[in-house]
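# predicted model and sequence below, questions to follow.
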Amino acid sequence: MAADGRAPAYARSVLRIIDARTGEPVDAAPARRGLTRIEAHTDGFDVTALRVLLVADLLVRALELGGTPVWALLDEDRQRSELRAGAAALGIRPFEEGRDAASGLGEAQVLHVVREGGAEPDGVRVAVAPVHSEAPPEEADPVALRLALLSRRRSVPERLDATALGEAHDTLVGWRRAVAAWAQQPSRPIPDEVRTELRTAWEDDLDVPGVLGVLRWVETAPDLPDGARFETYAYADRFLGLDLTRDLGTPA
């Protein structure tokens, strides 16, 4: 709290998302911090559908980190079991079904996460570009698949192939080893400027590549204590959902 009694500026930051209908940014949270409802429209099951669900999951995480209550809904009648299994494998939080559950939860902002050229519900639409891959690779590490799907902004089409999955896997292995090593050092606070850069990135239309860029800088930044590196990665992972602290306590 500032000396004049006002909350610090970062506490008032708001996730802004581009509405696909207008091309203009809108606040993802209601003005009075009421409920935000996120509806995912997948149009069946394929890798692009998983990317739609992943973007919805990132919206949930970013809003919750900002203190906004969220209700996530899967608006899809086809291949629900496949969608739910694929989402669970990628670490995507479960979606509810039916809109009646939101009654009595206060003012609602509604965000519809859709694939480009897909469903056109009334209200704010968060469009997700396609993934060029015929089917979810069954042999892929699910978390590496999640990272590969996060590597580009949601408005940019993505080609998912063995090279992209291999690079994502190698990045995960390296970061998890680093996080486990940093955790052995005394904890240090996240530098204010680093925390601000992370939040600025994910609150700018879910700029995940921007978040990943901050982590790459933190990994090798000179004069940054290892304890601060650890806390930064653990904090960012609350948004990314990559289980970066998985190897804590395991032998190097």
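Yep, that arrived. Just so it is clear, the model here is predicted, and its values are computed rather than measured.
# can you list the low-confidence ranges for the stretch 1-150 of the chain?
1-13, 31-33, 98-107, 134-138 (pLDDT under 70).
# where do the strands sit along it?
16-18, 25-27, 35-41, 70-74, 108-115, 124-128, 131-132 (DSSP state E, counting those that start in this stretch).
# now for the longest one, which elements pack on it?
For strand 108-115, the helices and strands in contact under the criterion 3 or more CB pairs under 8 Å, 6 or more residues apart in numbering; DSSP states H and E are strand 35-41, helix 47-65, strand 124-128. All C-beta atoms are positioned from the backbone trio N, CA, C, and that covers glycine.
# about what we covered before: tell me which of the strands of the stretch 1-150 of the chain lies nearest to P191.
strand 16-18 (23.9 Å; CB to CB).
# how far is that closest one from where the chain is centred?
The chain centre lies 14 Å from the centre of strand 16-18; the measure is CA atoms, centre = their mean, to the nearest Å.
# before we move on, what about stretch 26-36?
Worked out by CA atoms, centre = their mean, stretch 26-36 lies 18 Å from the chain centre.
# do stretch 172-192 as well
On CA atoms, centre = their mean, the centre of stretch 172-192 falls 20 Å from the chain's centre.
# who's in contact with that stretch?
Stretch 172-192 is contacted by residues 141, 143-144, 147, 215, 219, 224-235, 242-250, 252 when judged by CB atoms under 8 Å, 6 or more residues apart in numbering.
# which residues does the closest residue to I92 other than its chain neighbours contact?
In space, and not counting its chain neighbours, I92 is closest to D57: 4.3 Å by CB to CB, 6 or more residues apart in numbering. For D57, the residues meeting the contact criterion (CB under 8 Å, 6+ apart) are 72, 87, 91-93, 241.
# just the ones of those residues in helices?
Those of these mapping onto helices are A87, per DSSP state H.
# wait, A40 touches V52, no?
Yes - here A40 reaches V52: they are 5.7 Å apart, a contact under CB atoms under 8 Å.
# overlap in contacts of the two?
What both A40 and V52 touch, as defined by CB under 8 Å, 6+ apart, is the set V113.
# beta partners of the closest residue to R21 other than its chain neighbours?
In space, R21 comes closest to R125 once its chain neighbours are excluded; the distance is 5.6 Å by CB to CB, 6+ apart. In this entry, R125 is beta-bridged to H112, by DSSP bridges.
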